[in-house]
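S.K.: Just a sequence and a predicted model for now, questions to come.
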Amino acid sequence: MDTQFAQRRRRELITAACLAVLAALVPLFVKDVYVQNMMVLTLMYAALSQSWNILSGYCGQISLGHALYFGLGAYTTALLFMKFGVLPWFGMLAGGVISALIAMALGYPCFRLRGHYFVIATIVIAEIGLLLFHNWDWAGAALGIDIPVRGDSWLKFQFTRSKLPYFYFALVLACIAWFVTWWLEDSKWGYWWRAVKDNPEAAESLGVVVFNSKMGAAAVSAFLVAVGGSFYAQFVSYIDPESVMGFQFSLLMALPAVLGGIGTLWGPILGAVILIPLTELTRSYIGGSGRGVDLIVYGSLIVLISLARPQGLVSLFSRRKRAAK
Amino acid sequence: MLTAETIIQSLASGLLMGLLYGLIAVGLALIFGLMDVVNFAHGEFLMISMYATFFLFAFFAIDPLLSAPLVAAALFVFGAVVYLLIVRFAVRAKANAGMVQIFSTFGLAIVMRGLAQFFFTPDYRSVTNSWLGGKTVSVGGIFLPEPQLVGALVSIAAFVALYFFINRTDFGRALEATREDAGAVALVGIDKNRVFAVGWGLGAALVGLSGAIMAIFFYVYPDVGASFALIAYVTVALGGFGSVFGAFAGGIIVGLVEAVTALVLPPSLKSVGIYAVYLLVVFIRPRGLFGSM
Amino acid sequence: MTALLETRSVWQRFGGLVANSDVSISVERGEIVGLIGPNGAGKSTLFNLIAGVARPTQGSIWFDGEDVTGLPAAERCRRGIGRTFQVVKSFETMSVIDNVIVGALVRTTVMREARRKAHEVLEFTGLAGRADVLAGELVPAEKRRLEVARALATEPKLLLLDEVLTGLTPSEAQKGVELVRKVRQTGVTVLMVEHVMEIVMPLVDRAIVLDLGKVLAEGKPSDVVRDPKVITAYLGDRHAVGT
């Protein structure tokens, strides 16, 4: 009973730790810069999708506007560094806090909306953000920001000679996002969120303050996504509105979770590990004239998974496990 | 310069564009009203309609005005097929129903965009030297682009036709009955799937019609659907999802708001007005202007 | 000592329709009270007013000596009003135990404590064997039971039961009756809405009959069923619904 539950929790933690250690060892064997780059992106999207999953998967408020928080994180870090010389580490924190505050400010009116009205509001708000940054001269407007290179250092979180530091940071980020989810899953918030997703009215009758639950999920989710955005800005060292706040990020954050299993602990990671290398590889192998093949591949994957296995790919594992017992 | 003339000029073109937005959006509203599903590939339906129009013009020199019915017919078939192959299964989902509905059509949109890039390349194309392209008429000193003018007339005609179709024909009544109570109509012997398939066909055909007209004066490229789709969602949501005539009114509002925004803000921000109006409306009336649910 | 629950001249209007007019009822501590009446009598409306789903147009609702009229449902739950839903609203994608934990979390935020409480309640309601099943996979009678279990986990002073016995087979209904008695023995006051009189009359200490939004009769079940006004109301209802 109880011990069984505690055992499962501990097993999850140990599995995650083992996976993290394994992932950390990979660069010892894989020296190819292209592959390392792909691994960085995979880990970043795993982290982003895990964070998106908190609001959209656990709490059931499907957002297609999380690019806003990604972009805010990226811009906050880059602008603070460029204009005021604030170290990216503080920029990261600031970006996260700003995004969380904005998510709550936006959530205040938005969480009254239901279903498609909510989804469209999230798209529209992110789009407004994108347009505003396009026209905001101080923030570089459409030209964007070239983050000044000040030499390799952990302090300034800049590395020009090797991708490895980025890789390890992305790994830590993915671990944090996973751990936060794991930790919240067995907390008051985790239960509240799932209750709100399944049946808000019943949740309310059991003392769950539905509105606060959504606000909490939005804040945590936005904070983590913004940290991801900060990281991305340092990683690519050049940002413009489209490249950090475009709609494609909202989508790319959602898809790993959808593929792997929305509202599950392992879904986003599993989804990212499949989806990101797949798109990167199709893009580079077919390349050139074949532009669009990556879209075809992952678009079809999303249609198939939605229709055939809405619980996501993780459900394949859990079923096998149950059968093995 | 904000003179009375420029204001009237932009309101007039805003109105024309608005009628077209209404036509683009009405298919979405029709489908949503029928079965509570939002087609997130709506913009890509528009995109393939524009490509179809473009290729009919480029290869067979068929003017968009003539190919419009052809494109609409082709889209009718396409819409029905999408329903039968994808949506029919998506609405049956037990687990994560909301997610499935959104991402099954979203996935389709991504695939369609990928296919367009693959086969047509990301290049911008345009229909040049069509009958109406680039021409304007002057009405009392106001210049109206002919393609938009004809588009607006087509839109009005389509809405009138739709009104009669829904209210005066047997199938229209079956459609109306199904949207009210899909369970009950099964008892009267109406095949729900057939009604839904035709509903999707009809919705897509209306997009086809608007795509043919859009192709006269707008560039055709794989991502063209995205921005119009967002406008269509806003239009439909403003009108109250599912209300066909709400879409008509919503389209006009969107067109006018866009025109007014373009007068006071830099052109690149013209969509901000539309989005802001959407948010304002749903924050005050969470079900849209004409939403009754 | 004041009554546990009191509605003071409660009115509820929906447009021109008056669903509750001048309803004043009270429930004493430790009682099982049945709120009955024909269809459309305003039972559900009153029930929702007490649970905090809606606010009355006029009048006030007092719980445990305090005015709770303006409080939202979640806050009322915290004060000790638990409820079930007539149309069951389980958290379908969560396991049975997790459903109950949601309720237990009103009283504690220590997960181990909430889990222990949830197991205890499942034991009490006879669902212990189904703890790890998804709520969506339960049969209807079990779902009803889960509604009760979830509400009990919030440690209510007053438990509102909305037609928990309707639509069950006789043996299931009998088990339900036993469960309600057991609940009362733990010191919880029960207010139950039922449409069908036969089921509840043997169970309740007191019955309140609503008709056309007003209190029609009140008293011991045996007296109430003989009240000519009540009989007419129910006959009228039967006539109207054609049974």
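M.R.: Okay, I see it.
S.K.: What about C:L5? Give its phi and psi, please.
M.R.: Reported as degrees, to the nearest 10, the phi and psi values for C:L5 are phi -130, psi 140.
S.K.: That one contacts C:F63, doesn't it?
M.R.: Yes - C:L5 lies in contact with C:F63 (CB atoms under 8 Å); the separation is 5.5 Å. In short, each C-beta sits where N, CA and C put it, glycine included.
S.K.: Could you name every residue contacting both of these two?
M.R.: C:L158 (CB atoms under 8 Å, 6 or more residues apart in numbering or on different chains).
S.K.: Those residues of chain C touching chain B, which are they?
M.R.: Residues of chain C lying close to chain B by CB under 8 Å from any CB of the partner chain are C:T93.
S.K.: Need the residue in chain C that's farthest from the chain's center.
M.R.: No residue in chain C sits farther from the centre than C:R112, which is 28.6 Å out by CA atoms, centre = their mean.
S.K.: C:V33: neighbouring residues, count only.
M.R.: By the criterion of other CB atoms under 10 Å in any protein chain shown, C:V33 has 23 neighbours.
S.K.: quick one: it from B:I24, how far?
M.R.: Distance of C:V33 to B:I24, computed by CB to CB, to the nearest Å: 59 Å.
S.K.: Find the helix or strand that the residue farthest from the centre of chain C is a member of.
M.R.: helix C:111-125 (DSSP states H and E).
S.K.: after that helix comes which helix or strand?
M.R.: Per DSSP H and E, helix C:111-125 leads on to helix C:140-153 as the next helix or strand towards the C-terminus.
S.K.: Give the pairing partners of the helix or strand just after that next one; include direction for each.
M.R.: The helix or strand immediately downstream of helix C:140-153 is strand C:158-162, counting by DSSP H and E. According to DSSP bridges, strand C:158-162 has the following sheet partners: strand C:81-83 (parallel), strand C:189-194 (parallel).
S.K.: Tell me who's in contact with the residue nearest to C:R8 when sequence neighbours are not counted.
M.R.: By the measure of CB to CB, 6 or more residues apart in numbering or on different chains, the closest residue to C:R8 outside its immediate chain neighbours is C:S60, 5.0 Å from it. Going by CB under 8 Å, 6+ apart, C:S60 touches C:7-10, C:67, C:69.
S.K.: so for the helix or strand encompassing C:S60, what's the average pLDDT?
M.R.: Here C:S60, judged by DSSP H and E, is contained in strand C:58-63. With pLDDT averaged residue by residue, strand C:58-63 scores 94.
S.K.: Report the distance from it to the chain centre.
M.R.: Centre-to-centre, strand C:58-63 and its host chain are 17 Å apart (CA atoms, centre = their mean, to the nearest Å).
S.K.: Could you tell me the angle between it and strand C:158-162?
M.R.: Using axes from the mean of the first three to the mean of the last three CA atoms, to 10 degrees, the direction of strand C:58-63 lies 120 degrees away from that of strand C:158-162.
S.K.: Look up how far chain B lies from A:A17.
M.R.: Distance, A:A17 to chain B, by CB to the nearest CB, to the nearest Å: 29 Å.
S.K.: gap between that residue and A:A46?
M.R.: Taken as CB to CB, the span from A:A17 to A:A46 is 16 Å.
S.K.: Equivalent analysis for C:V183, please.
M.R.: 47 Å.
S.K.: More neighbours: the two, which one.
M.R.: With neighbours defined as other CB under 10 Å, C:V183 and A:A46 compare such that A:A46 has more, 30 against 21.
S.K.: ok so, going back, any part of the helix holding C:R112 near chain A?
M.R.: Yes - judged by CB under 8 Å from any CB, helix C:111-125 comes into contact with chain A at C:111-112, C:115-116, C:119.
S.K.: could you dump those to CSV with pLDDT?
M.R.: Shown next, in CSV, are the residues of helix C:111-125 next to chain A (pLDDT from 0 to 100):
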residue, pLDDT
C:M111, 92
C:R112, 92
C:R115, 94
C:R116, 94
C:H119, 95
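S.K.: Just the buried residues out of these, in PyMOL syntax.
M.R.: The PyMOL selection below is limited to those of those classed as buried (16 or more other CB atoms under 10 Å in any protein chain shown):
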select buried, chain C and resi 111+115+116+119
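S.K.: Where do the helices of chain C begin and end?
M.R.: Secondary structure of chain C (DSSP state H): helices at C:43-51, C:73-79, C:96-104, C:111-125, C:140-153, C:170-185, C:197-200, C:221-226, C:228-241.
S.K.: Give me the buried stretch members for the fifth one, please.
M.R.: For helix C:140-153, burial by neighbour count (16+ other CB under 10 Å) applies to C:141-153.
S.K.: Looking at those, point me to the pair that's furthest apart.
M.R.: C:A141 and C:A153 (19.1 Å; CB to CB).
S.K.: Quickly, which of the strands paired with strand C:158-162 bottoms out on average pLDDT?
M.R.: Among the strands paired with strand C:158-162, strand C:189-194 carries the lowest mean pLDDT, at a mean of 92.
S.K.: so who does A:W178 touch?
M.R.: Here A:W178 is in contact with A:16, A:46-47, A:50, A:265, A:269 (CB under 8 Å, 6+ apart).
S.K.: ok, of the residues of helix C:111-125 next to chain A, which one's closest to B:V150?
M.R.: Nearest to B:V150 out of those is C:M111 (CB to CB; 66.0 Å).
S.K.: number of nearby residues for the nearest residue to that closest one once chain neighbours are set aside?
M.R.: Leaving aside its sequence neighbours, C:M111 sits nearest to A:D186 (CB to CB, 6+ apart; 5.6 Å). By the measure other CB under 10 Å, the count of residues near A:D186 is 20.
S.K.: isn't A:D186 right up against C:V110?
M.R.: No - using CB under 8 Å as the test, A:D186 is too far from C:V110 to be in contact (11.3 Å).
S.K.: which residues in the stretch 51-200 of chain B form helices?
M.R.: With helices called from DSSP state H, counting those that start in this stretch, the stretch 51-200 of chain B shows them at B:64-82, B:88-90, B:97-120, B:146-168, B:170-180, B:182-187, B:192-217.
S.K.: Close to chain C: what parts of chain B are there?
M.R.: So chain B meets chain C at B:A95 (CB under 8 Å from any CB).
S.K.: can you give me the helices in chain A?
M.R.: For chain A, applying DSSP H gives helices covering A:2-29, A:33-53, A:67-84, A:88-110, A:115-134, A:164-185, A:188-198, A:200-205, A:210-236, A:241-245, A:247-260, A:267-286, A:293-308, A:314-324.
S.K.: Using CSV, please lay out the ones you listed together with mean pLDDT.
M.R.: Output for the helices of chain A, formatted as CSV (pLDDT from 0 to 100):
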stretch, mean pLDDT
helix A:2-29, 90
helix A:33-53, 94
helix A:67-84, 93
helix A:88-110, 94
helix A:115-134, 92
helix A:164-185, 94
helix A:188-198, 96
helix A:200-205, 94
helix A:210-236, 95
helix A:241-245, 90
helix A:247-260, 92
helix A:267-286, 88
helix A:293-308, 89
helix A:314-324, 63
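S.K.: Tell me where the model's unsure across chain B.
M.R.: Scanning chain B with the threshold set as pLDDT under 70 gives B:1, B:182-183, B:185-187, B:189, B:291-293.
S.K.: Name the residue of it that lies nearest to chain C.
M.R.: Closest contact between chain B and chain C, by CB to the nearest CB, is at B:A95 (7.0 Å).
S.K.: quick one: that residue and chain A, what's the gap?
M.R.: According to CB to the nearest CB, B:A95 stands 5 Å off from chain A.
S.K.: residues in contact with that residue?
M.R.: Counting by CB under 8 Å, 6+ apart, B:A95 has contacts A:310-311, C:93.
S.K.: circling back to that earlier point, direction included, what does the strand holding C:S60 pair up with?
M.R.: Sheet pairing of strand C:58-63 (DSSP bridges) gives strand C:5-14 (antiparallel), strand C:66-67 (antiparallel).
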